[in-house]
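**Student:** Predicted structure and sequence below. I'll ask about it afterward.
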Amino acid sequence: QVELVESGGGLVQPGGSLRLSCAASGSILSINAMGWYRQTPGKQRELVARTTNDGTTYYLDSVKGRFTISRDNAKNTVYLQMNNLKPEDTAGYYCNIEGRRNRGFPFSSWGQGTQVTVSS
């Protein structure tokens, strides 16, 4: 079983910054992709940023130039640096990591979610 633990959310004023972290632990053989999603009440979860082993990186149009996804492979951790935050970025943020467990079985695990609130 692969467990993800998120941290870094909170309340910030417009224009401020936050850094989210998501660390994976368990019987991990390899990680293929790491991403961040967000969700607000009554809406579907949307992909905010994602990075894969082949170097491909995706950003939601509304966060391009403000958010940066990065990873520390040695620590099985993915980060989301969020700058110039706007009220519309307010949401629950969830990390997702895909890979293979020991013996090669694939996994796709989710973090518990962390709330980001942008308000003055």
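**Tutor:** The structure has been received and is ready for your questions. Numbers count the residues shown, from 1 in each chain.

**Student:** Can you name the residues bridging to the residue nearest the centre of the chain?
**Tutor:** Closest residue to the average C-alpha location of the chain: Trp36 at 2.7 Å, with Cα atoms, centre = their mean. According to DSSP bridges, the residues that bridge with Trp36 are Ala49, Cys95.

**Student:** now do Tyr79
**Tutor:** Ser21, Ser70.

**Student:** Offset the numbering so it begins at 9, please.
**Tutor:** Renumbered: residue one is now 9, and that last one reads Tyr87.

**Student:** right, and the secondary structure at the residue of the chain most remote from its centre would be what?
**Tutor:** In the chain, the greatest distance from the average C-alpha position (Cα atoms, centre = their mean) is reached by Arg111, at 26.1 Å. Put simply, Arg111 is helix when judged by DSSP: H, G, I helix; E, B strand; the rest coil.

**Student:** before we move on, the earlier item: can you pull the contacts of the residue nearest to the centre of the chain?
**Tutor:** The contact partners of Trp44, taken as Cβ atoms under 8 Å, 6 or more residues apart in numbering, are 28, 30, 55-58, 77, 86, 88, 101-104. Using the backbone N, CA and C atoms, a C-beta is placed for each residue, glycine as well.

**Student:** quick one: pLDDT of it?
**Tutor:** Trp44 is assigned 98 on the pLDDT scale.

**Student:** ok, it to Gly112 distance?
**Tutor:** Distance, Trp44 to Gly112, by Cβ to Cβ, to the nearest Å: 26 Å.

**Student:** what do you get for Leu68?
**Tutor:** For Leu68, the distance to Gly112 - Cβ to Cβ - is 32 Å.

**Student:** Neighbour count: the two, which is higher?
**Tutor:** Leu68 (15 against 8; other Cβ atoms under 10 Å).

**Student:** Surely the more buried one touches Leu55?
**Tutor:** Yes - counting by Cβ atoms under 8 Å, Leu55 is a contact partner of Leu68 at 6.5 Å.
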